[in-house]
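J.: Sequence first, predicted coordinates after that:
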Amino acid sequence: MSRLFETLERLAATIETRKGGDPAASYTARLLADPKLAAKKLGEEAIETVIAAVGQGPDELASESADLLYHWLVLLAASGVSLDAVADKLVAREGTSGIAEKASRQTQ
Ligand SMILES: N=c1c2ncn([C@@H]3O[C@H](COP(=O)(O)OP(=O)(O)OP(=O)(O)O)[C@@H](O)[C@H]3O)c2ncn1[C@@H]1O[C@H](COP(=O)(O)O)[C@@H](O)[C@H]1O
């Protein structure tokens, strides 16, 4: 398994432990208690990642990507969506070109 996936699984497990936690002591608990805030933060981190990608260099892009993935995991946890559920979607798409998939939707 890749180091990134192992890290994401470990972080997802840590995030689960924060459910119902004290928002004053845990930033994760604060986001989990307010899924709209978690979604808003994910949007902000996505924009910051794009800004890093178009002009701030590789280290900043890696750092913003880490922020993005952390907030993505929190939003999944807040919404009751497991990493396995996301994996199922990706596996189902394996081998299907995005161009072919879009064309099939347009002919339906
Ligand atoms: N990986 C992270 C992680 N990445 C980013 N962040 C926080 O996400 C926030 C990012 O917000 P911004 O970039 O918008 O920075 P900001 O301007 O300070 O934030 P705002 O004022 O806009 O809220 C910062 O407070 C970061 O510290 C994280 N907070 C927690 N984790 C992990 O989650 C674990 C549990 O955290 P707690 O629940 O807070 O103990 C930690 O041990 C870490 O492993």
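T.: Received, thanks.

J.: Which secondary structure state does Ala66 sit in?
T.: Following DSSP: H, G, I helix; E, B strand; the rest coil, we place Ala66 in the helix state.

J.: ugh, wrong one, I meant Val81
T.: Going by three-state DSSP: Val81 is coil.

J.: Count the neighbours of it for me.
T.: Per other C-beta atoms under 10 Å, the neighbour tally for Val81 reads 11. No exception for glycine: its C-beta is placed from N, CA and C like everyone else's.

J.: Kindly report the same for Ala62.
T.: Neighbour tally, Ala62, other C-beta under 10 Å: 11.

J.: Got phi/psi on it?
T.: When read as degrees, to the nearest 10, the backbone of Ala62 gives phi -60, psi -40.

J.: Equivalent analysis for Gly21, please.
T.: Backbone dihedrals for Gly21, given as degrees, to the nearest 10, come out at phi -80, psi 180.

J.: swap in Glu94?
T.: Dihedral pair for Glu94: phi -60, psi 130, per degrees, to the nearest 10.

J.: What pLDDT is listed against the nearest residue to Gly21 once chain neighbours are set aside?
T.: Among residues not flanking Gly21 along the chain, Ala29 sits closest, at 3.5 Å (C-beta to C-beta, 6 or more residues apart in numbering). Per-residue pLDDT puts Ala29 at 98.

J.: Give me the secondary structure label for Ala29.
T.: What three-state DSSP gives for Ala29 is helix.

J.: which residues touch the worst-scoring helix or strand of the chain on mean pLDDT?
T.: Among the helices and strands of the chain, helix 98-106 carries the lowest confidence by mean pLDDT, DSSP states H and E, at a mean of 83. The contact list for helix 98-106 (C-beta atoms under 8 Å, 6 or more residues apart in numbering) reads Arg93.

J.: ok, now how distant is the most centrally placed residue in the chain from Glu45?
T.: In the chain, the C-alpha nearest the mean C-alpha coordinate belongs to Trp72, at 2.4 Å (C-alpha atoms, centre = their mean). Taking C-beta to C-beta, to the nearest Å as the measure, Trp72 falls 8 Å from Glu45.
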